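J.: This is the structure alone, sequence omitted:
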């Protein structure tokens, strides 16, 4: 697969503040790439650079093999042929839905007869799962999700091969967001358009992306398939940004880590000695243990100190008893998870199904499953 | 330069309220809803307030009623003989020609200037933004005087068009500048991403979204053209208004003047209906709530000199020419023109009329505004509309009506200051109304309720909380009325007690005596008095664009 969008060495500053630093990103043709970052990380600027509303200070951007920004090249936004859907849709308030969609079709002569245009509009509406009679409505008569879908249809009307989406779902409420996202993803998939979406919502990013790019303070810290980035983040920032993480000090040898939870397989296997490991909470099984004492190598017991109720599941704060295993490596190491040096054991936050009825003071056993990610740095 | 207002239930397209009451409207319903639900303010307003509002509005209906009643009393045969004659046809042609040529011209110039100032990277766009609002401080008849001084041969339709365009284009320019700042830049970017270049974006996206401010401004220009007397009399260009004044002067109060007034009122109504028809029901609300980003300014590149030439030329023609003439006459007159004893008297009298008129108008506008914001109902909307309608009638008609009515029914009032103030009240009430209404609507009722929950009497709560918030709006309202009165000529000429010497009247009598030198100090004083208010108007149009 060739790259539809290629950024290399892209820098951008506004005044004295550096927004993007040496960005290199390659988006394969026909795929969906999501740039995820907290607000102020520069992700919207990145999108505006690709669309042509801003020009980079240095570096080159090429779209479909054509250099659109770089030394000696600066193609204006309206000549790039890139579809763009803004955060709130940016529908023209003075036009109907149909006129909005037909806006990019060009003058009547070039765009065909009135009938052909009307048919094109209906087809586009259908493509984004809206009824054809929506064409006569005005934008302010639509819900947020419908506005977003009209904006997508409008951008699709010009049959772009590249589509940029700037937090298109963030203004929608939770239920509508998932539905709209699915429709948009499915539509883009069907037409085979290369898509870049930026968002601050990790769940949305992971479900939408073929390729995930994590942006932090103007730097891309990791680019890869969502599963890889989630399970094998390159650093703790990325790990914590994409979801909850249980981080424990550990001693690593031969691909296994000795930590507060016992012995856990780790990746990368090349790492040795003192390190820290990261487990996702869903990797840790929690079970009541009246008998006390767990036998598995990768498990230990602890006492529940707090229970937070979230509906389908609860989050437990568990103080571990078995400090023995890693004690050799880390004599009372005060990690981020263990407050105070005098505490008897590490405190970890884990999740459990809400049906288990765990209360404060319960004794539980924790078992780690799967492979943890190891980092050379201590937490 | 008189931002009158059209008779719509919505606040008028006054340059100071370029939001066309969007804020006021949503605010009003929101407040009322909460109040009703809580049931604490009570659904019925105090009878005193209702009575005051109704009285003001009934007073406002007098001029229109007068035109209709005299029409009926005169009888059709006499009336048709007075209306269907060549002279009226000539006036009609002149007046309609003036409106048809000037209104599109002011609209085009106003929009172009607003775009250059608001959207291009021309250096000094901030300074130009203020400078192009200053023609509002020069009364049209002073502008006309300046131009006639510079080019004595000016007369007829095209001269009228020139002077009127230069005097009135800010009425379109100001609301357009404010609206441009409010447009959502992401919408323009969307158009770019759909393949539109700079021109395409302007004509397909920006211009359509400016429709409401353009229409509102154009209506104001039209109403001004219909009601202006001095500017056109100076260049011997006859319109209905100049003809009515002449007629009134020669026959005092003949049915001929009334018949002309009737036709003039019909023209006004025609404009009003036309505007509201063109406006339709559309409201270009900004959709969504995306992050507001400052719209980048465009470079004009090769056209940069053209941009400077346009803005600089416009300013030179609209302000430079009248100023240069005034300065020239003052220089010619030397120190002696300033020794005119009447000068100080006229200044004091004008300021006095302005202050009293502004105070009375604001106080009497308050009940109407209060009802409209806090108790929206058919009654309050009706009262508001009546007042907008009255003020769109030319001052000459209002003056004519009040003269006749006072002579017939309240003789003691004839030729008194009270009658002058009442005329000002009827002419300028909507200016106050628009501002008071917007100010009141922005005060959260919750604050007043909080004060009451802390043990304050409702009236005390209103005084201590609400008045604080809407004081700036009340000040702006007063200032606008003041500006209108200081530069008012036509109605004052007809109504003022003999011996009245306002700046405008003194200026006019000097000009009629062909004493252009003697008129210059009065012209300068009027401009100086108006300038601060004009700046206030400009600043407020920016404010509303931010909120």
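T.: Noted; the coordinates are in hand. As the structure is a computational prediction, the values presented were derived from the model and not from experiment.
J.: Name the SS class of the residue in chain A that chain B sits nearest to, please.
T.: Closest contact between chain A and chain B, by C-beta to the nearest C-beta, is at residue A:88 (2.5 Å). For every residue, glycine as well, the C-beta is placed using N, CA and C. Under DSSP: H, G, I helix; E, B strand; the rest coil, the three-state class of residue A:88 is coil.
J.: And residue B:170, how far from chain A?
T.: From residue B:170 across to chain A, the span is 24 Å (C-beta to the nearest C-beta, to the nearest Å).
J.: Next: residue B:518.
T.: Residue B:518 is 53 Å from chain A, by C-beta to the nearest C-beta.
J.: Pretty sure that residue sits against residue B:338.
T.: No - Residue B:518 is beyond contact range of residue B:338, at 10.6 Å (criterion: C-beta atoms under 8 Å).
J.: re the thing from before, do I have it right that the residue of chain A closest to chain B meets residue B:189?
T.: No - counting by C-beta under 8 Å, residue A:88 stays clear of residue B:189, with 12.0 Å between them.
J.: quick revisit: mind checking how far the residue of chain A closest to chain B is from residue A:44?
T.: 13 Å (C-beta to C-beta, to the nearest Å).
J.: Then residue B:337?
T.: Residue B:337 is 63 Å from residue A:44, by C-beta to C-beta.
J.: for residue A:10, what are its contacts?
T.: A:20, A:22-24, A:46, A:49, A:56, A:58-61 (C-beta atoms under 8 Å, 6 or more residues apart in numbering or on different chains).
J.: Provide a list of residues in contact with the closest residue to it other than its chain neighbours.
T.: Leaving aside its chain neighbours, residue A:10 sits nearest to residue A:59 (3.5 Å; criterion: C-beta to C-beta, 6 or more residues apart in numbering or on different chains). Neighbouring residues of residue A:59 by C-beta under 8 Å, 6+ apart: A:7-11, A:22-23, A:70.
J.: The same query, at a cut-off of 10 Å, please.
T.: A:7-12, A:20, A:22-24, A:49, A:69-71 (C-beta atoms under 10 Å, 6 or more residues apart in numbering or on different chains).
J.: Please apply the same query to residue A:317.
T.: A:302-308, A:337, A:347-350, A:360.
J.: Which members of the residues you listed are classed as buried?
T.: Buried by 16 or more other C-beta atoms under 10 Å in any protein chain shown: A:302-304, A:307, A:337, A:347-350, out of those.
J.: Which element, helix or strand, includes the residue of the stretch 351-500 of chain B found nearest chain A?
T.: Chain A sits closest to residue B:441 of the stretch 351-500 of chain B, with a gap of 20.7 Å, by C-beta to the nearest C-beta. Residue B:441 belongs to helix B:417-442 when elements are defined using DSSP states H and E.
J.: what's the spacing between residue B:92 and chain A?
T.: The value you get for residue B:92 to chain A, if C-beta to the nearest C-beta is used, is 35 Å.
J.: Give me the nearest residue to that residue, chain neighbours excluded.
T.: Here the residue nearest residue B:92, using C-beta to C-beta, 6+ apart, is residue B:263, at 7.2 Å.
J.: can you pull the pLDDT of the one you found?
T.: Note for residue B:263: predicted pLDDT of 86.
J.: Same question for residue B:358.
T.: Residue-level confidence at residue B:358 comes out at 93, pLDDT.
J.: pLDDT on stretch A:315-326, on average?
T.: Averaging pLDDT along stretch A:315-326 yields 71.
J.: next structured bit after the longest helix along chain A?
T.: Using DSSP state H, we find that the single longest helix of chain A is helix A:174-191. Using DSSP H and E, the next helix or strand after helix A:174-191 towards the C-terminus is strand A:194-199.
J.: Enumerate the residues of the stretch 251-379 of chain A near chain B.
T.: Residues of the stretch 251-379 of chain A lying near chain B by C-beta under 10 Å from any C-beta of the partner chain: none.
J.: Find the least confident helix or strand in chain A, judged by mean pLDDT.
T.: helix A:324-327 (a mean of 42; mean pLDDT, DSSP states H and E).
J.: Would you list the strands that the helix or strand that comes right after that one pairs with, along with their directions?
T.: Sequence-wise, the next helix or strand downstream of helix A:324-327 (DSSP H and E) is strand A:347-353. Applying DSSP bridges, strand A:347-353 is found paired with strand A:313-320 (antiparallel).
J.: buried set for the longest helix of chain A?
T.: For helix A:174-191, the neighbour count (16+ other C-beta under 10 Å) marks A:176-177, A:180-181, A:183-185, A:187-188 as buried.
J.: same deal with stretch A:123-135?
T.: Neighbour count says stretch A:123-135 has A:124-125, A:127-130, A:134-135 buried, by 16+ other C-beta under 10 Å.
J.: Which of those fall in helices?
T.: Using DSSP H, these in helices are A:124-125, A:127.
J.: thinking again about what came up before, what's the overlap in contacts for residue B:518 and residue B:338?
T.: Joint contacts of residue B:518 and residue B:338 (C-beta under 10 Å, 6+ apart) do not exist.
J.: Compare the two and say which one has the larger neighbour count.
T.: residue B:518 (21 against 13; other C-beta atoms under 10 Å in any protein chain shown).
J.: what's that one in contact with, if anything?
T.: Per C-beta under 10 Å, 6+ apart, neighbours of residue B:518: B:329, B:333, B:336-337, B:340, B:342-343, B:506-507, B:509-511.
J.: so which strand or helix has it?
T.: helix B:516-546.
J.: ditto for residue A:220
T.: With DSSP H and E as criterion, residue A:220 is part of strand A:219-224.
J.: Quick one, grab the pLDDT at residue A:262.
T.: 84.
J.: just checking, it touches residue A:300?
T.: Yes - Residue A:262 is within contact range of residue A:300, at 5.6 Å (criterion: C-beta atoms under 10 Å).
J.: and these two? which has more neighbours close in?
T.: Between residue A:262 and residue A:300, counted using other C-beta under 10 Å, the more crowded position is residue A:300 (26 against 21).
J.: Pipe the buried ones among the contacts of residue A:317 into CSV and attach pLDDT per row.
T.: Conversion of the buried ones among the contacts of residue A:317 to CSV gives the following (pLDDT from 0 to 100):
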residue, pLDDT
A:302, 86
A:303, 87
A:304, 90
A:307, 90
A:337, 42
A:347, 85
A:348, 87
A:349, 88
A:350, 89
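J.: among those, which two are most distant?
T.: For these, with distances taken as C-beta to C-beta, the pair at the greatest spread is A:307 and A:337 (17.2 Å).
J.: What ranges in the stretch 101-250 of chain A fall below the confidence cut-off?
T.: A:106-112 (pLDDT under 70).
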